[in-house]
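*Asks:* Generate coordinates for the sequence data below:
(one chain, ligands or ions: 1)
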Amino acid sequence: MGKPTAPRPPAVPDLKTGADLLSVLPMTAEIKGGHLFIGGVDTVELAREQGTALYVMDEATIREQLREYIKWTRFHWKDVDVVFAGKAFMSVAMCKIVAEEDCCLDVSSGGELAFALRAGFPMDRIYVHGNNKTPLELAECLDAGVGRIVVDSFEEMDRLSTLASERGATQKVLVRVTPGVEADTHDFIMTGAEDSKFGFGRNQGLAMQAVERAIALPGIEFDGLHMHIGSQIFALNSFAKAIEVIVEFIAEIKERTGVEVRMLDTGGGLGIAYGLPDEPSTIKDYGKVVVDGIKEECEKHGLTVPAMAVEPGRSIVANAGVTLYTVGSIKEIPGIRTYVAVDGGMSDNIRTSLYDAHYEALIANKADKPREMVATVAGKHCESGDIVVNDAPLQVPEVDDVLCVCATGAYCQSMSSNYNKQVRPGVVMVNDGVARVIIRRETYDDLMKCELG
Ligand SMILES: Cc1ncc(COP(=O)(O)O)c(C=O)c1O
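*Replies:* Just a heads-up that it's a prediction; the model follows:
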């Protein structure tokens, strides 16, 4: 989920302290007595008490981001669902927060649906994604009574139609369309080929065939269209271009079938600041471009403005989270680089190995000191590519320091693994000076619970 952002200049000691890193930290971050505090909690004490590696999530930031989306989308149009993309960070506690904030939830597997069910999430506010939902998953969705299923292939529509008809149900569906607009971080690319495993392309007529099939099939009710053009997007004109294309398609649907599209879901994708140079667009500007953009395009084509949905993931949780590690060893290779090895790595953050992602890091117990050196933060796994942060400006580290990697709230815990039989870290939610373990650290017994010997 998410390519790196802009090409980065060579790292040099930047002499910045924790106080200079607030743009990538949770909104409650502060430096007190040389320590990094989040949500009123001393992260150094937390690391010592809970053990590391440890994910820390700031509840105030998560709630604030959800509220910003509600505010700045509904400011422009009354009927907008804000759908948190559960793939970015899924836990029972997170589902409860999303429900309390009057938002919807997108799930992409039977497993994610099970979390929503466990949390008592209102099923009519569930959107279901996935390019190859199994028959079992489709049946689970129908039995749970989910709000909308975003259909992604002809086979899936047929399967869903049969399963729903067997149950005497009618399931609302959105048809996923590939608009042929691919978001680059700083611009968009028109891809005539529409080469994607997701959705139906417009140019070859597949999207229209899919809509016609959805209208005709029993057991399913065509409710509208869905698109998702990418992730970690900085350029709002990518969304504007895709909206232009998809609303034109809505007009074609009306002309050809007489059916008015009732809902348009424009997916997720808004970028966030991972590094100090990153300057993402605001949720306020995003709301204007997307919601006003849809309204304007509809007016242009003489269409009724549909209900809308947006599906942010990263921009809700990424900057709400940090990962705390303990420094175990410091290896200086003269004239080459210094490796600072921590007690986690690619098992708790795969994004660096997978996407060459970059993060800001600081020593949480020296947060008031300047970052006087550059080091590479390495994990503990048996892969030379197991790097958490390449060339990170850092305070001078010592063994047992608590090293904090910023902006790890999205796609880290949710993409974590047990590689090398590493136990997954726990997750602590902090708020108003209180730390609450929402996912406990795994144990060796957890690692072996499926072993039958
Ligand atoms: C269909 C869909 N919706 C929403 C999202 C969330 O995107 P982001 O986390 O970039 O906001 C994704 C992520 O890839 C997605 O595939």
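
*Asks:* Determine how far whichever strand in the chain runs longest lies from the middle of the whole chain.
*Replies:* Counting residues, the longest strand found in the chain (DSSP state E) is strand 321-333. In this view, strand 321-333 has its centroid 25 Å away from the chain centroid, taken as CA atoms, centre = their mean, to the nearest Å.

*Asks:* Direction included, what does it pair up with?
*Replies:* The partner list of strand 321-333 in its sheet, established with DSSP bridges, is strand 54-58 (antiparallel), strand 337-342 (antiparallel), strand 402-406 (antiparallel).

*Asks:* buried ones in it?
*Replies:* For strand 321-333, the buried set under the neighbour-count rule, 16 or more other CB atoms under 10 Å, comprises 321-327. Every C-beta, even on glycine, is put in place using the N, C-alpha and C of the backbone.

*Asks:* Does it reach the ligand?
*Replies:* No: using CB under 6 Å from any ligand atom as the criterion, no contacts between strand 321-333 and the ligand are found, and the smallest distance is 13.1 Å.

*Asks:* circling back: columns mean neighbour count on top of the strands paired with strand 321-333, output as a markdown table?
*Replies:* As requested, these are arranged in a markdown table below (neighbours: other CB atoms under 10 Å):
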| stretch | mean neighbour count |
| --- | --- |
| strand 54-58 | 27 |
| strand 337-342 | 20 |
| strand 402-406 | 28 |
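
*Asks:* between the ones you listed, which gets nearest to the ligand?
*Replies:* The minimum distance between the ligand and these falls on strand 54-58, with 15.5 Å, by CB to the nearest ligand atom.

*Asks:* before we move on, back to that, do you know which of the strands paired with strand 321-333 lies nearest Asp446?
*Replies:* Put simply, out of these the one that sits nearest Asp446 is strand 54-58, at 16.2 Å, with distance taken as CB to CB.

*Asks:* Touching that closest one from outside, list them.
*Replies:* Residues external to strand 54-58 that are found in contact with it (CB atoms under 8 Å, 6 or more residues apart in numbering): 26-29, 38-39, 41, 43, 46-47, 89, 317, 320-324, 348, 408-409, 412-413, 425-431, 438-439, 441.

*Asks:* Figure out the helix or strand that Leu117 lives in.
*Replies:* In the assignment (DSSP states H and E), Leu117 maps to helix 110-118.

*Asks:* give the contact list for the nearest residue to Val399 once chain neighbours are set aside.
*Replies:* The spatial neighbour of Val399 that comes closest, neighbours along the chain excluded (CB to CB, 6 or more residues apart in numbering), is Val327 at 5.7 Å. If you count contacts by CB under 8 Å, 6+ apart, Val327 has them with 340-342, 363, 397-403.

*Asks:* rerun that using 7 Å as the cut-off
*Replies:* Going by CB atoms under 7 Å, 6 or more residues apart in numbering, Val327 touches 340, 342, 397-401, 403.

*Asks:* mind checking how far it is from the ligand?
*Replies:* Distance, Val327 to the ligand, by CB to the nearest ligand atom, to the nearest Å: 30 Å.

*Asks:* Is that residue bridged to anything, and to what?
*Replies:* Under the criterion DSSP bridges, Val327 forms beta bridges with Val342.

*Asks:* I'd assumed Glu221 was in contact with Leu215.
*Replies:* Just to correct that, residue 215 is Ile rather than Leu. No: taking contact to mean CB atoms under 7 Å, the distance of 8.9 Å between Ile215 and Glu221 leaves them out of contact.
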